[in-house]
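**Student:** coordinates only, sequence not included:
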């Protein structure tokens, strides 16, 4: 009897661990995220230029920066959590650009789990059972006006 009970507990533990091990990686719309709830916090003083988008000539480069943000995904759809954490990542890029004296972050790419993805229309986000995350890389510059 004890053997059957131990086997049952082990099976349940294995199945529940597998259920919590979810790591779905999806692409989401930049445009939708930049219009989602909370997007009013994104400043207009630091331009955001994603890989493949055109921008004015670069006057000065301050180098590449990166951010890796996570958020609690419990009670939200993956898309809503990813939009929220994307905005957090974008705000971090803008804050770093301000600190370095730039007026733009250009060539922004997704860098989820160190896999670079270039897109002018989408970003990459990973969602698990509890958390969602977005990692971005870009170059801080001063663009000619």
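**Tutor:** Cool, got the structure. As the structure is a prediction and not an experimental result, all values here were calculated from the model. Residues are numbered from 1 along each chain as shown.

**Student:** which residues in this structure form helices?
**Tutor:** Remark: helices assigned in the chain by DSSP state H are 2-20, 30-33, 78-100.

**Student:** So what pairs up with residue 27 in the strands?
**Tutor:** residue 124 (DSSP bridges).

**Student:** For it, give its distance to residue 126.
**Tutor:** Here residue 27 is placed at a distance of 11 Å from residue 126 (CB to CB, to the nearest Å). From N, CA and C alone the C-beta is placed, and that goes for glycine too.

**Student:** quick one: which of these two has more around it?
**Tutor:** Neighbour totals were compared for residue 27 and residue 126, and residue 126 leads with 21 against 15 (other CB atoms under 10 Å).

**Student:** so where's the longest strand in this structure?
**Tutor:** Longest strand of the chain, by residue count under DSSP state E: strand 58-72.

**Student:** any idea of the mean pLDDT in that strand?
**Tutor:** Mean pLDDT, taken over the full extent of strand 58-72, equals 97.

**Student:** Could you list the residues in contact with it?
**Tutor:** With CB atoms under 8 Å, 6 or more residues apart in numbering as the contact definition, strand 58-72 has outside contacts at 81, 84-85, 88-89, 92-93, 96-97, 100-102, 105-106, 111, 130-144.
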